[in-house]
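could you work out the structure for the sequence below:
(2 chains)
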Amino acid sequence: MNKAILSKGGGILLRAVIAIPGGYAVAALAACCLALWLPLEPADAVATGQMASFAVFALVALTSFAVRDLGRLLAGFMAGIVLLGGGVAITLWANLP
Amino acid sequence: MMPGFRQSMAWLHTWSGLLLGWLLYAVFFTGTTAYFNQEITAWMTPESVEQADPRTAAVNAQAWLARHHPDAVTWDVMLPASRGGETRLSWTEASSPTASDAARGSMRLNGRGLDTPVPRPTAGGQFLYGFHYELHYVPYRTARWIVGLSAMFMLVAIVSGIVTHKKIFADFFMLRFGKGQRSWLDAHNVTAVLALPFHLMITYTGLVALMHMYMPWPDMMRPKPPRFAPMTIEASAAPSAPLTALLPLLTQASQEWGGVQAVRIKYQHPGHADARITLFPSGADSIAEHHGAQIFDGATGALITPPPSTSNTHIVESAMVGLHAGRYAAPTLRWLYFLSGLGGTVMIGTGLLLWIVKRRQRLPDPEHPYFGFRIVERLNIGTIVGLPAGVAAYFLANRLLSTDAVGRADWEIRCLFITWTALLVWSIVRPAKSAWVEALTVCALLYALVPIVSALTTTRGLFSSLITRDWVFVSFDLVMLITAALLTLAVRKLASHTPKAAPRRKPRPSVEAAA
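As a prediction, this is how the structure comes out:
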């Protein structure tokens, strides 16, 4: 077991939360962005977003254990959520009838 | 950054691999058997010797449904594949106002769609296939989420594993036997690298296969016209009218699909003037699904909707699912799939063993290991040996249970879980090494018994199958014997093995040591 991660980085639980539910949230938002923004037929844009989402999930999960500085990790994660979530929200709002 | 990065990836590889490792082992093991699920079903129904015939089965199945469920709102017919199997029917009755399960029914006919009494009811290979993503004794939706989560863990474990074992490709050519931990690591690496593209592909495509369930949000964000009008469960208001002849529709659809046969037939409002018959193409002829379903007017037989054109995205998606399921694979490729799946199973198994082997040397008190160590050690024995032993018991139960016993198909499945649980309990109460030897012995014995019992209880034992050149039965029995032989080898090696005193070496901040 790598002591450095446990002692220095601390927050193994926080990293797991960012990795698993957080990773899912980022993946879901990224998939929605692709579904909304890709210039394809709706069904194709949706499927492309869904297919790509698992790679995004894995990337977030790996990153959340690779970045040493917990503060930077948290900041990056929040930035991702805000950007993607904001993008989805604005697009949905703009498309309102 | 780099050494720290590798170390954290090693840590992640260890724990993401361990946490759901046993479940992944079970998923890989049963999923691997699924490449031969029709052959397994054939072996488990030795009395049925008829060749399956999808076209005949389709006509007979429709006749059966018309006779027994003329008032149903929908019929659904899954045709047998060219590799064999049975015809599976389901229907929804009009009586119930909601789509509750009570209104649905299902039935299995033989490969020709005939309602001959099934002499030996069994869930067959279909049970092992279903277990690999829907488990058992768990609601299937919950099970799919659990398996999906473990697939994500697998994906993370694979990528972090590649980073961790930087020398993985160089080490690939080193398989050092009898060197304790080093050998386990080599075995882990060899099985990982040899089929690395397979492991990545099978894990990712498994997630894609259920992506509409795992990632439903894009579907909600961007509503799209459904590829097919959803089946209504409302009763028809149209006057009754007989169904058109089925064979011309099958022929017409097959021509449109360039020779591909239909694999599934859905009926809506059969027996009414507004009947619809939807034919779905088989995936057995190509990896990706290039053809759309065809919808016919059930009363006149006219083609209603031209098949929806398949977009590139849809071809990519269906190619991923096709690669995962391997339904297109001819025998040679099918065996490669099987071997790759076994490789994945061994990779997970050796990975779980490595966790123990590495930590045993560093136990503060080897006589009394800490609690977590004992849990992993016992779960390893109970799962790595227990599940395969359970599957052997499943095959044995198929031959030994009375063919007309009440609920015998369920009892076959129970025998699997009883055996698995028994070995798990045994591995907990016995000292670790004895537990390994004894569990492996039981497992070897069970596998060796399968062809013997089969020869004694049916007319299709190994020798008679050799004479009749029944290669499905011959291969099945041979795989059982080879498995038994390999397990016996493992028992003999383990029984004569005395753990060497761990070479005391200076603990170095090795990346591999963290693996």
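
the strands in the stretch 201-350 of chain B, which residues?
B:262-268, B:276-281, B:294-297, B:303-305 (DSSP state E, counting those that start in this stretch).

mean confidence score for the shortest one?
Here strand B:303-305 scores 81 as its mean pLDDT.

quick one: contacts for the residue in the stretch 251-400 of chain B that chain A sits nearest to?
The nearest approach of the stretch 251-400 of chain B to chain A comes at residue B:313, 3.7 Å away (CB to the nearest CB). Where C-beta positions appear, they are placed from N, C-alpha and C, glycine not excepted. Contact partners of residue B:313, counting by CB atoms under 8 Å, 6 or more residues apart in numbering or on different chains, are A:40, A:41, A:43, A:44, A:47, A:48.

near chain B too, which of those?
A:40, A:41, A:43, A:44, A:47, A:48 (CB under 8 Å from any CB of the partner chain).

the helix or strand where residue A:93 lies: which residues count as buried?
Element membership of residue A:93 [criterion: DSSP states H and E] is helix A:70-94. Using 16 or more other CB atoms under 10 Å in any protein chain shown as the test for burial, helix A:70-94 gives A:70, A:73, A:74, A:76, A:77, A:80, A:84, A:85, A:87, A:88, A:91.

gap between the last one and residue A:41?
For residue A:91, the distance to residue A:41 under the criterion CB to CB, to the nearest Å works out to 17 Å.

just name the shakiest helix or strand of the chain by mean pLDDT.
Picking chain A for this. helix A:3-4 (a mean of 46; mean pLDDT, DSSP states H and E).

ah, no, chain B please
helix B:168-171 (a mean of 63).

center of chain A, which residue is that?
residue A:26 (2.1 Å; CA atoms, centre = their mean).

show the pLDDT at that residue.
98.

same check, this time on residue B:98
55.

same check on residue B:144?
At residue B:144, the model reports a pLDDT of 96.

got the buried residues for stretch B:453-466?
B:453, B:454, B:455, B:458, B:460, B:461, B:462, B:465.

Provide a list of residues in contact with the fifth one.
Looking back up the chat, that one is residue B:460. B:46, B:454, B:470, B:473.

mind redoing it with 6 Å?
Contacts for residue B:460 (CB atoms under 6 Å, 6 or more residues apart in numbering or on different chains) come out as B:46, B:473.

using the three-state scheme, assign residue B:77.
For residue B:77, the assignment made with DSSP: H, G, I helix; E, B strand; the rest coil gives strand.

thought it was touching residue B:265?
Yes - the pair residue B:77 and residue B:265 passes the contact test of CB atoms under 6 Å, sitting 4.4 Å apart.

residue B:284: neighbour count?
For residue B:284, the neighbour count with other CB atoms under 10 Å in any protein chain shown is 16.

the residue nearest to it when sequence neighbours are not counted and residue B:61, how far apart?
In space, and not counting its chain neighbours, residue B:284 is closest to residue B:327: 5.2 Å by CB to CB, 6 or more residues apart in numbering or on different chains. Residue B:327 is 20 Å from residue B:61, where distance means CB to CB.

in the chain, where is pLDDT below threshold?
Picked chain A for this. A:1-10 (pLDDT under 70).

hmm, I had chain B in mind actually
B:1-3, B:82-84, B:95-102, B:166-178, B:225-233, B:305-309, B:498-515.

which parts of it sit against chain A?
Within chain B, the positions lying close to chain A (CB under 6 Å from any CB of the partner chain) are B:4-5, B:7-8, B:11-12, B:155-156, B:207-208, B:211, B:215, B:217-219, B:221-222, B:224, B:311, B:313, B:317, B:514.

circling back to that earlier point, show me just the buried residues among the ones next to chain B among the contacts of residue B:313.
By neighbour count, with 16+ other CB under 10 Å, these hold A:40, A:43, A:44, A:47, A:48 as buried.

Serialize these to TSV and add fields for secondary structure.
Below are these laid out as TSV (three-state DSSP):
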residue	secondary structure
A:40	coil
A:43	helix
A:44	helix
A:47	helix
A:48	helix
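
which two among the residues you listed are spaced furthest apart?
A:43 and A:48 (9.8 Å; CB to CB).

neighbouring contacts of stretch B:31-43?
Contacts of stretch B:31-43 (CB under 6 Å, 6+ apart): B:83-85, B:124-126, B:128-129, B:132, B:326, B:334, B:337-338, B:341-342, B:472, B:476.

I should have written stretch B:319-338 there, sorry.
B:35, B:201, B:205, B:206, B:208, B:209, B:283, B:284, B:286, B:287, B:288.

one more time with 8 Å
If you take CB under 8 Å, 6+ apart as the criterion, stretch B:319-338 is touched by A:51, B:32, B:35-36, B:81, B:201-202, B:204-206, B:208-209, B:282-289.

for stretch B:152-160, same thing?
A:54, A:57-58, A:61-62, A:65, B:9-10, B:12-13, B:16-17, B:19-20, B:24, B:196, B:199-200, B:203-204, B:207.

quick one, which of those residues are buried?
Members of these classed as buried by 16+ other CB under 10 Å are A:54, A:57-58, A:61-62, A:65, B:9-10, B:12-13, B:16-17, B:20, B:24, B:196, B:199, B:203-204, B:207.

so which residues on chain A come close to chain B?
Going by CB under 8 Å from any CB, the residues of chain A near chain B are A:1-2, A:4-5, A:27-28, A:31-32, A:34-36, A:40-51, A:53-55, A:57-58, A:61-62, A:65-66, A:68, A:88, A:92.

ends of stretch B:207-219, what's the gap?
In stretch B:207-219, first residue to last residue: 16 Å (CA to CA, to the nearest Å).
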